[in-house]
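>>> Here is a sequence together with a model predicted from it:
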Amino acid sequence: MTKDSNSTCSPFQFRQQQKHEILLPLHHRPSQPELLWPTTLSAVRRFINLLQNPDNAEIIRDELRRAQGKYGRQGRRPHVHALGFPYAQYLLTQAWDMDLDHPENPHASGVGLESDVISPNGSCFGHDNDDGITIIDVTDPVNPAFCHVRDGDGPLSPQQYVRQYHPIPPKEGIRASESGRDVTDKDEEDRFVLEDVLRHIASLGGIPLLSRVVLAEVWPEEFADGDTEEEEELQGEQHNQHRSSAVPSLADLAIGPAVDYCLRENDWSGLELFFGIPAKATLIKQALYSKRPFPDAGIVALSRALSLEMKKNGGVLDLVGTLFSLEQLRVLTATVPADIVRTVRLNGQQTLEPSIIGDLTNIFPNLIRINLLDTNISDEQILDLCRNQPQALYQLHHIIHPAFRIRTPPTRKFAMPSNVDEVKALAEQLSNDGSHGFTFHQSRIHRINNDDETFASIDFFHPETVLAGLTRYFNFLKNGREKTHRFTFAFGLCQHVPAMVLSYSLAPDLHGHTTSVATDKASEDRQHWLYRTVTGVPMSASYDPFMARGWLFVVRAAFYFYEGPEEIPKYAFVKIDEAAHKAWLVDLFSALLEDRLADQGNVDDSSESEEEEEEEEEEEEEVQRDGGTRELQVHRPSSRLPCSLPHPRVSALSSDAWKVYDARGFADAVAKEGRPRPSEEAIAAFEESLQVGKLSEMEKRLGAAFGVEARPFTLMGHDEVKEFIPASR
């Protein structure tokens, strides 16, 4: 469900054991109250666009499946956790806090996903400043339903909701008032407002409205009565529509029995002609998938049907719908045409081994995506593959698995070392704990307060996909700046953007779900963005709290409409020498061990102040005990390290222990690692995105008045990246 108000809120709902439940409430406050209704209607449309992408809907369904039977009824234990549906929350915050779909009027807000979420276990109107909510039912993500509610009223349509904030004059009234006289500026303004209102309302046409009965399942006290006559009339037409289904032909009806006969005889010659007809081959596949367990005699026929299907669906090898043995999967993947496979869907399979990911990348040279929802491969097995065998993933753009929907990982705890050998072992463990992934670290220069930092991390990455996301990041900033000088500041403050650009699919139509009807490249790109595939949830911190493993991309800028001499916007790709960093960790933990031994020797020091005693007591409360064993807690994000840095007896990491790259240097470096090198086109697009571009008229005037100018992003110097590397401090 979603909920919105004058601080808009958005709760999802979903059906659990024949009852609807609250899934995720989100709180959003628009910057200007008069923007509430257009912001809300536009956000609903953006969210439904994302829901109706079949790839996104598939992940939503998996989250709902995992929640079935897990939570109590509304307000009862076990409660729904505020971050219990990270993917759904992630899509919702993107839709509600950012409008980057419309280049002519971009918008960004929000201080982080975690900050926007409120408890899903309260009453309907039990949150701050709630004078309006929007509710979206995502039980069937591709066919959602929604309504608006204000002040305890029943469900409202978009038009009724807008009337609560803004009168909607009829077109006839405007024409009548204009007839026989000159059209004034006020007439033009009224006409513009009317067209804008009608455009927003029309954008949600065809989306079913929720009934009061459904709302009462979640909040029985607020919506105890049944639907009013007006509400029934409003919903009657859309709920009573019955879709007619075509009657299958006799030939289609005969395919099922024919498949049964061929399986018994192990002779498929009778269906030979049907394998050349795509629609009939699909029916053969469906008939085979109905067999449980899948018969070995059907493997060859299924391989032929899948091969024909892949020529029509963009190279998707769809193995969802039945259960295969591991050996059957190996035979299937070895017999289909290898060069046309771009996506392998293994959802629901329960006989898999983690090594199958590497096997598939070896078999299919053009494979870019593997779907592993609801399989027997655990989160830890996938993450272990990312840590210890990253080369097996280099060619992949995306792996769809619940392990990549962990927004905030738990704090890692390690036994405090008590000797030199344990110090070295801990340093080794921490050095290998991080992923060979990619971290986006944005630092916003603040002229008065401390600088703001935003992190987003992905566990593994394809260089071209990452570069395309970063290019979009800078293009959003550049294009928004052209329209309004306010956008630049909002963009830098919004903590959703770095994560968003790291998690969308490079080409949403690669999986047979083409949504674009545009005729030019710019419009096609916009259509792709509107209905983009969101493949996972980037972590809100670095996977490695010491920022030493994998790749680091850093941005430092003021994000004002102009930059002063000391605020030149900078960027850099950074790679740290892992061996040098491991040696630094040994020195650090050796010093911590010495500190601990010294503290134990000074326990009876009578000169210790009361303040120091209180500090030690507070520290002791943070130390976890397990049979008397002290534990070292390594927190994320990186600002919460196990000790303050710099340590007085530990030298900072030598400046030759990291390298700074521009886009071309990054491309060369990842190619040496064995990853695919980004294309020249992708590199050039990134370089172009760093430039200033056009400025708004207001920005030009302000720049001239203050004697400053907008500047392009330039590469950081070697020493400038120190602030992003804890070991270098």
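Now that the structure is in, tell me what you want to look at. Residues are numbered from 1 along each chain as shown.

>>> Keeping just the C-alphas, turn stretch 292-310 into CSV.
As requested, C-alpha coordinates have been extracted for stretch 292-310 and formatted as CSV (Å, rounded to 0.1, in the frame of the first residue of the first chain):
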residue,chain,number,x,y,z
ARG,A,292,6.0,-33.3,-12.4
PRO,A,293,8.7,-34.5,-12.1
PHE,A,294,9.8,-33.5,-15.6
PRO,A,295,10.4,-36.6,-17.7
ASP,A,296,13.8,-37.3,-19.2
ALA,A,297,12.0,-38.3,-22.5
GLY,A,298,10.9,-34.7,-22.9
ILE,A,299,14.3,-32.9,-22.7
VAL,A,300,15.0,-33.0,-26.4
ALA,A,301,11.5,-31.8,-27.4
LEU,A,302,11.7,-29.0,-24.8
SER,A,303,15.1,-28.0,-26.1
ARG,A,304,13.6,-27.5,-29.6
ALA,A,305,10.7,-25.5,-28.2
LEU,A,306,12.9,-23.3,-26.1
SER,A,307,15.2,-22.6,-29.0
LEU,A,308,12.4,-21.4,-31.1
GLU,A,309,10.9,-19.4,-28.3
MET,A,310,14.3,-17.6,-27.7
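
>>> Can you list the low-confidence ranges for the stretch 401-550 of the chain?
The stretch 401-550 of the chain contains residues with pLDDT under 70 at 409-413, 434, 446-451, 481-485, 506-526, 543-547.

>>> Strands of that one, start to end?
Using DSSP state E, counting those that start in this stretch, the strands of the stretch 401-550 of the chain run over 412-415, 438-444, 452-458.

>>> would you list those strands in TSV and tack on distance to Asp421 and mean neighbour count?
Where C-beta positions appear, they are placed from N, C-alpha and C, glycine not excepted. TSV is the format used below for the strands of the stretch 401-550 of the chain (distance: least, C-beta to C-beta, whole Å; neighbours: other C-beta atoms under 10 Å):
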stretch	distance to Asp421	mean neighbour count
strand 412-415	13	15
strand 438-444	31	23
strand 452-458	31	22
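
>>> Which among the ones you listed is found nearest to Leu308?
Taking C-beta to C-beta as the criterion, Leu308 comes closest to strand 452-458 out of those, the separation being 34.9 Å.

>>> Point out the other helices and strands that the closest one packs with.
Counting contacts by 3 or more C-beta pairs under 8 Å, 6 or more residues apart in numbering; DSSP states H and E, the secondary-structure elements packed against strand 452-458 are strand 438-444, helix 497-503.

>>> Lowest average confidence across helices and strands of this protein, where is it?
strand 625-626 (a mean of 32; mean pLDDT, DSSP states H and E).

>>> For the closest residue to Gly469 other than its chain neighbours, list the residues it contacts.
Here the nearest residue to Gly469 in space, its sequence neighbours aside, is Val501; by C-beta to C-beta, 6 or more residues apart in numbering that works out to 3.8 Å. Taking C-beta atoms under 8 Å, 6 or more residues apart in numbering, we find Val501 in contact with 440, 469-470, 472-473, 476.

>>> Ala548 too?
If you count contacts by C-beta under 8 Å, 6+ apart, Ala548 has them with 431, 434, 576, 578, 581, 725, 727.

>>> and the residue nearest to Gly469, how far is that from Tyr571?
From Val501 over to Tyr571 the distance is 13 Å, taken as C-beta to C-beta, to the nearest Å.

>>> again with Val534
Taking C-beta to C-beta as the measure, Val534 falls 24 Å from Tyr571.

>>> next one: Asp595
When distance is defined by C-beta to C-beta, Asp595 is 37 Å away from Tyr571.

>>> ok, these two, which is more surrounded?
More neighbours sit around Tyr571 than around the other of Asp595 and Tyr571, counting by other C-beta atoms under 10 Å; the figures are 21 against 14.

>>> tell me the SS of the more buried one?
Taken by DSSP: H, G, I helix; E, B strand; the rest coil, the conformation at Tyr571 corresponds to strand.

>>> Which strand residues bridge it?
The residues paired with Tyr571 through beta bridges, assigned by DSSP bridges, are Val555, Leu715.

>>> Quick check: it touching Leu552?
No: the pair formed by Tyr571 and Leu552 falls short of the contact definition of C-beta atoms under 8 Å, at 11.2 Å.

>>> pull the longest helix from the protein.
Using DSSP state H, we find that the single longest helix of the chain is helix 578-601.

>>> what helices or strands is that one leaning on?
helix 420-431.

>>> if you set the cut-off to 10 Å instead, what comes out?
Under the contact definition 3 or more C-beta pairs under 10 Å, 6 or more residues apart in numbering; DSSP states H and E, helix 578-601 sits against helix 420-431, strand 629-634.

>>> Please spell out which residues along it are buried.
By neighbour count with 16 or more other C-beta atoms under 10 Å, helix 578-601 contains the buried residues 578, 580-593.

>>> Relative to Cys262, which of the residues you listed is nearest.
So of those, ranked by how close each gets to Cys262 (C-beta to C-beta), first place is Glu578, at 56.4 Å.

>>> what's the pLDDT at that closest one?
The score at Glu578 is 89. That number is its pLDDT.

>>> is it true that it touches Asp433?
No: in this structure Glu578 lies outside contact range of Asp433 using C-beta atoms under 10 Å: 11.8 Å.

>>> Enumerate every residue touching the residue nearest to Asp318 when sequence neighbours are not counted.
Setting aside the residues directly before and after it, Asp318 is nearest to Arg345 in space (C-beta to C-beta, 6+ apart), at 4.9 Å. In this structure, Arg345 makes contact with 58, 316-321, 369-373, 400, 511, judged by C-beta atoms under 10 Å, 6 or more residues apart in numbering.
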